[in-house]
Structure formats: structure tokens, C-alpha cells
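Q: Compute the structure for the input listed below.
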Amino acid sequence: MSDTGLIDLASITRRHLGRVYHNLASAQLVEQSVRRREGHLTRGGALAVRTGQHTERSLDASYLVEEGEAGAQFALVGEPVTPLAPERFAALGQRLLRYLQDRDVFVLDARLGPDEGDGARIRVITETAWHGLLARNLYRPAPAAGDTEPAFTVVHAPGFHAVPEIDGTAGTAFTIFHPAARCVYVGGTRYGGELRKAVLAMSAARLPSAVLPLWAAASVDPDGRVALFLGRTGNGKTSLALDPGCRLLADHGLTWGPQGLTALERGIYASVLGLEQAAEPLLYEGATSFGAVLENVAVRPQDRALDFADDSLAQNTRAAFSATGLTAPGASGGPGHPHHAFLITRDLYGVLPPIARLTPEQAVFAFLISYLSSLVDTEAGLRDTRPQVDPARARSARVVSPDDYAKQFMARVKEHDVTCWFLNTGWVGEPMGRSQRIPLEFSRAAVRAAVSGALDAVPYEPDPLFLFEVPKECPDIPEEWLDPRARAADPADYEVRANQLARAFLDAFALFEESMPGSVLEMLSQVVLFEETLDVMEAFRLSF
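A: Residues are numbered from 1 along each chain as shown. Alright, predicted model coming up:
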């Protein structure tokens, strides 16, 4: 690896690079971005940029050099990773170095973890000032002390593209992990999520076995009760963690170790499509503040005002900003262990209730199947909802298999007596297009009630199909919203959708069934599907 020369800045600065901007302040990075025409300022001082062709992560563009023990143990759980030969990595690195010939670069030395302590030092080298600003917003600047080397380095060159015929890649965009060399190459894409994923995946892979990495958000209420939010992108983790009545602990990258939760990042990188100040004041404040980076957010040219409702540039519009003023204080060893864990989904099917209480075994089931329904095109040319169950997708980068990873999660839940909940931020009773999405204030009310203990004494009713317990009342949520069956216009239609979803859940879980504890299998044995009558029910539904 050393012969590529990309990690040792001192050895290549004079011979290869242009000017090296080292650890610039946020204002300086904003100035450089505007001067280089990478983006433009908006009202309030946020920097608006466009990512071009790539507006989200490329899930088929991750590669791994399995050289050495570190490379053999590295894995992206639930996400495809293509092996890449060391010689191809070296050849691509040489071309990347030639690409950077005489180009300016922006270097950030930062620390993952708390402001004080043994957080890993990292180095991010970017071709563009705005990506340097994004990294500075997400990670704590920590200039290297003396001869201290970074734990790993991320080199991001969005203008450099792979050549599939030469490099063995599927396309021109790539993220190549080389754990033995302690570096990652990211190229061919300007989407900031790739840079973030590279940092968090490498950091997670380096953690000791006693520490569990989680892609989750977390918050602390005024009484010190910690809520953990797990779910796929777009489900609402950040919005729920940024409750105005709580303090944010983390937006995405967390670890759960013997001492409790620790945030790896200090910033927020959140979806902002449809963002409204009244509904999400903290997120709006951060996204419109000076130094924030806005990806693909529409801007009115006449007055530089932001239009968060405009999706003409991308469906996945993003804001990255420092959340130092929003984060929970790290006093007395941090916030400790979570008291409640919310497994969040956005159900377009309208089958799941707004909130339901889970046993640890049911929480493991929900954790593994990673459910998010989606819209698809039918043969008739119509848009329809379908279950999108992607087992353990992008949970972390770890040596362990997804099922072992989930069992570690269950062990921590039981050890620390964590109450688990299934939280649906999608549709209730009727699918998308036939009903209103559950309001954010209802989801926040459900979280507050659970965390405060207000749901401890209310009556519950077990769901006959999914087995979780549904509260029959909840403060600040109308009773009719709590029961999806009662909100369904057609009972037969609801049962068809519910059974289809349950079957998708079980099919996804079959990948892990043989390695699950007996208590989980016993729980699943109680699930009874109406498969023998499903065809009849479907015909009955279509007859209307």
C-alpha cells in the first residue's frame, strides 16, 4: 500500500499535489466552495450543492481488498461487497495519484467518538471544499498530535472515475475498503453519503468484540432516559430523535459497549425533503444555518430562499450540519445504556399500528428483517405498494454474521432491561394513496408516552397475526389511530395485506432461522397465516 503514496501527505505534497488546505475552519471552507463554484450561498448562509448523477448511495459499488488478517475479517453486513485484487487496488491508486497531480486537496484530521477520551483519529482527504465542509460538520476536528498516525484515511475524489474493464468494477463509481492498509478510496460520485459510509464502516470494523456498532439515532429526555431509534434510511430516526423536548445524542453512528452508548459523529446528515419549520424546528434551524451543506435542495434564484418541498433535483435531498449545540452533554461517562429501543418502519401497506410493544425475541426478528415497504410499477402500468424486506441491510461493518450480530443485540437488551417497541411512521389501516400518513406529532407522542412510562399502565391487545402487543390508548393519539384493523375500510382487504406482509417477514427470517435461539423459534411457531384461504381472500378483495 505504501507505494501508492496517498496516505503519507508529507511525501507527496511537493511532487504531486497542488496546494494542501489543512484543517480549514468552516467559514474558510465555505469561502473556498463559493470561489471554486462548487455551490452557492442561500439565505441564512447554508451552502447549496448538487451531486449530479448520484443522489443516493450505490449499493453495488462497494469493494474489499481482502489482503491480510484485517481484510479477511472485514465485512459489510447485509450489503453486497465485491472482492478486489490487491494489484488492481494498487493500479487504481496509481491512476488516482496521477489524477490528483497538481490539484488542490482539502485535508481534515478528526476524531471519532467523544470530545475527550480514546476516540479514533481519522484523516479525510477530499478533492472539493464542500466535501471537506461536510466532513467537518460530521466529525470532530482533532489535528494530529506529534507523530500520531490516523487509524485510517479516506481519500475522496468525485471527479475520478473507475474504468470497469481495467479495474474490475461494476461501474465508474466505487468505494474500495483496504483494511490492512487502513484506507478507503471513494470516487466517481459526489453524494456525501458515500463519504460518511466509508468512515463509519471502517470505524465499526475496528471496534473490539465487546462493542456493538449501530446505525441508529438516540436522544435523552430531561429525566435522563435514553431512547434508541433503529431503522432504515427514510423511516424517521432523526426526526424522532430531534424532539424539541429532548437532547440529541446521535443522528446515525453509535456504539453500544459495556459503559453504554457513544456517538461516533458530532453532526447530522438528514433527509430534508418536505421539511417544515413548524413541525421540525431543530432540524430546520440546523439545515438553514451558516456552514450547513444542502445536497440537491431547490433554491429560488431571485432571493436564495430554500424550497424543501421541491423534489425536482432529487427525492433524497440532504442536509449536513454540526449538531454541537443539540447534542447531549457527555458528563459522567456519557448517557449510559438505553432504556427504550424503537425499531422503526415506514409501512406503505397500512398494516402495522403506530406503536406496539415487543418482547426481546420479537425485537430481534424486527431487527433482522429490516422492513421498509416501497412503491413499484405493476404490469398494468399502475403504482402499487410491495413489502421490501431486506434482511439486516447495512446494519454495520463487522466480522460477525447478521444472526450473531442480532443475538448480541438481544443479549444487551435483556442484560440492561431495555423495553423494545415497533414504531410505524407510515400509513395505518389503509395503504398509501388511500389514506393519510400518520402525523409526525402522533409518532412523537407515542415515543414520549413509551419513554415516560405513560404506556406502562394502559391496556394492551395482542395482535392475532404479528403477536406484538398494541396499546388500546395512548396520550395525545386519537384512539381510532391505534388499531389498523378498525381503520381499514374493507376487513378482507386488510387481512390479505396483513398476511402478505407476514409471509414476507417469515420468508426473510428463514435465512437466519437455523441459528436463532430456541426462544425466538418458539415465538415464531405461534404465528398462524391464513395461506390456505389467501387466494380466496385475494379474489374476494378484487371482486370489489
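Q: Tell me if I am right that residue 356 is in a helix.
A: No: counting by DSSP: H, G, I helix; E, B strand; the rest coil, residue 356 is not part of a helix but strand.
Q: now the top strand by length along the chain, how far from the chain's geometric center?
A: When the chain is parsed with DSSP state E, its longest strand is strand 212-220. Taking C-alpha atoms, centre = their mean, to the nearest Å, the mean C-alpha location of strand 212-220 is offset from the chain mean by 10 Å.
Q: Who does that strand pair with, and is each partner parallel or antiparallel?
A: With DSSP bridges as the test, strand 212-220 is paired with strand 226-230 (antiparallel), strand 247-250 (antiparallel), strand 253-257 (antiparallel).
Q: Show me which parts of whatever helix or strand comes next after the last one are buried, residue by residue.
A: It stands for strand 253-257. Note on strand 253-257: by DSSP states H and E, the next helix or strand toward the C-terminus is strand 260-263. For strand 260-263, burial by neighbour count (16 or more other C-beta atoms under 10 Å) applies to 261-263. The way it works is simple: take the backbone N, C-alpha and C, and place the C-beta from them, glycine included.
Q: With adjacent residues omitted, what lies nearest to the residue nearest the centre of the chain?
A: The residue lying closest to the centre of the chain (C-alpha atoms, centre = their mean) is residue 233, at 4.9 Å. Distances taken as C-beta to C-beta, 6 or more residues apart in numbering put residue 271 closest to residue 233, at 7.2 Å, once the chain neighbours are dropped.
Q: Please name the residues that touch the one you found.
A: Neighbouring residues of residue 271 by C-beta atoms under 8 Å, 6 or more residues apart in numbering: 233-234, 238, 316-318.
Q: How about residue 55?
A: Neighbour list for residue 55: 191, 295-296, 313-316 [criterion: C-beta under 8 Å, 6+ apart].
Q: sorry, back to before: what's the distance between the residue nearest to the centre of the chain and residue 197?
A: 11 Å (C-beta to C-beta, to the nearest Å).
Q: Next: residue 481.
A: In terms of C-beta to C-beta, residue 481 sits 35 Å off from residue 197.
Q: ok, how many other residues are close to residue 311?
A: Counted by other C-beta atoms under 10 Å, the residues lying close to residue 311 total 15.
Q: For it, what are phi and psi?
A: Here is the backbone geometry of residue 311 (degrees, to the nearest 10): phi -110, psi 20.
Q: Quick check: chain neighbours aside, which residue is closest to it?
A: For residue 311, ignoring the flanking residues on the chain, the nearest one in space by C-beta to C-beta, 6+ apart is residue 273 at 5.8 Å.
Q: What pLDDT is listed against that neighbour?
A: Here the pLDDT value assigned to residue 273 is 94.
Q: so it touches residue 319, yeah?
A: No: the pair residue 273 / residue 319 is not scored as a contact, 10.2 Å apart, by C-beta atoms under 8 Å.
Q: Which one of the two is surrounded by more residues?
A: Neighbour count, other C-beta under 10 Å: between residue 273 and residue 319, residue 319 has more, with 26 against 16.
Q: helix/strand/coil for that one?
A: strand.
Q: a strand runs through the residue nearest to the centre of the chain, doesn't it?
A: No: counting by three-state DSSP, residue 233 is not part of a strand but coil.
Q: those strands in the stretch 301-450 of the chain, which residues are they?
A: All strands of the stretch 301-450 of the chain, identified by DSSP state E, counting those that start in this stretch, fall at 306-307, 318-322, 340-345, 355-358, 374-377, 383-386, 419-424.
Q: Please work out which residues outside the last one touch it.
A: Okay, so that is strand 419-424. Residues outside strand 419-424 that contact it (C-beta under 8 Å, 6+ apart): 231, 240, 339-347, 352-360, 362-363, 366, 413, 438, 443, 446-447, 450, 468.
Q: In ChimeraX, select just the buried ones from the residues you listed.
A: Buried members of the contacts of strand 419-424, defined by 16+ other C-beta under 10 Å, are picked up in ChimeraX with:
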select :231,240,339,340,341,342,343,344,345,346,347,352,353,354,355,356,357,358,359,360,362,363,366,413,438,443,446,447,450,468
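Q: Let me know how buried the closest residue in space to residue 213 that isn't next to it in sequence is, in neighbour terms.
A: With sequence-adjacent residues excluded and distances taken as C-beta to C-beta, 6+ apart, residue 213 is closest to residue 204, at 3.8 Å. Residue 204 has 24 neighbours, counted by other C-beta under 10 Å.
Q: May I have the host helix or strand of residue 204 as PDB, with CA atoms only?
A: Residue 204 belongs to helix 192-205 when assigned by DSSP H and E. Listed next in PDB are the C-alpha coordinates belonging to helix 192-205 (Å, rounded to 0.1, in the frame of the first residue of the first chain):
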ATOM      1  CA  GLY A 192     -22.000  12.800   0.600                       C
ATOM      2  CA  GLY A 193     -23.500   9.600   2.000                       C
ATOM      3  CA  GLU A 194     -20.700   7.600   0.400                       C
ATOM      4  CA  LEU A 195     -18.100   9.500   2.300                       C
ATOM      5  CA  ARG A 196     -20.000   9.100   5.500                       C
ATOM      6  CA  LYS A 197     -20.500   5.400   5.000                       C
ATOM      7  CA  ALA A 198     -16.800   4.900   4.300                       C
ATOM      8  CA  VAL A 199     -15.800   6.500   7.600                       C
ATOM      9  CA  LEU A 200     -18.400   4.700   9.700                       C
ATOM     10  CA  ALA A 201     -17.800   1.300   8.100                       C
ATOM     11  CA  MET A 202     -14.100   1.400   8.700                       C
ATOM     12  CA  SER A 203     -14.600   2.600  12.300                       C
ATOM     13  CA  ALA A 204     -17.100  -0.100  13.000                       C
ATOM     14  CA  ALA A 205     -14.800  -2.800  11.700                       C
END
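Q: next one: that helix to chain centre, how far?
A: Centroid displacement of helix 192-205 relative to its chain, using C-alpha atoms, centre = their mean, is 11 Å.
Q: now stretch 440-449
A: Centroid separation between stretch 440-449 and its chain, computed with C-alpha atoms, centre = their mean, is 21 Å.
Q: about what we covered before: contact partners for the residue nearest to residue 311?
A: Per C-beta under 8 Å, 6+ apart, neighbours of residue 273: 308-309, 311, 315-317.
Q: filter these to the buried ones?
A: 308, 316-317.
Q: With respect to residue 278, which of those residues is nearest?
A: Nearest to residue 278 among the buried ones among the contacts of residue 273: residue 308, at 12.3 Å, using C-beta to C-beta.
Q: For the residue lying closest to residue 275 once chain neighbours are set aside, give me its contacts.
A: Leaving aside its chain neighbours, residue 275 sits nearest to residue 308 (4.1 Å; criterion: C-beta to C-beta, 6+ apart). By C-beta under 8 Å, 6+ apart, the contact list for residue 308 reads 272-276, 287, 297-298, 317.
Q: Tell me which entries of those lie within strands.
A: Using DSSP E, the contacts of residue 308 in strands are residue 298.
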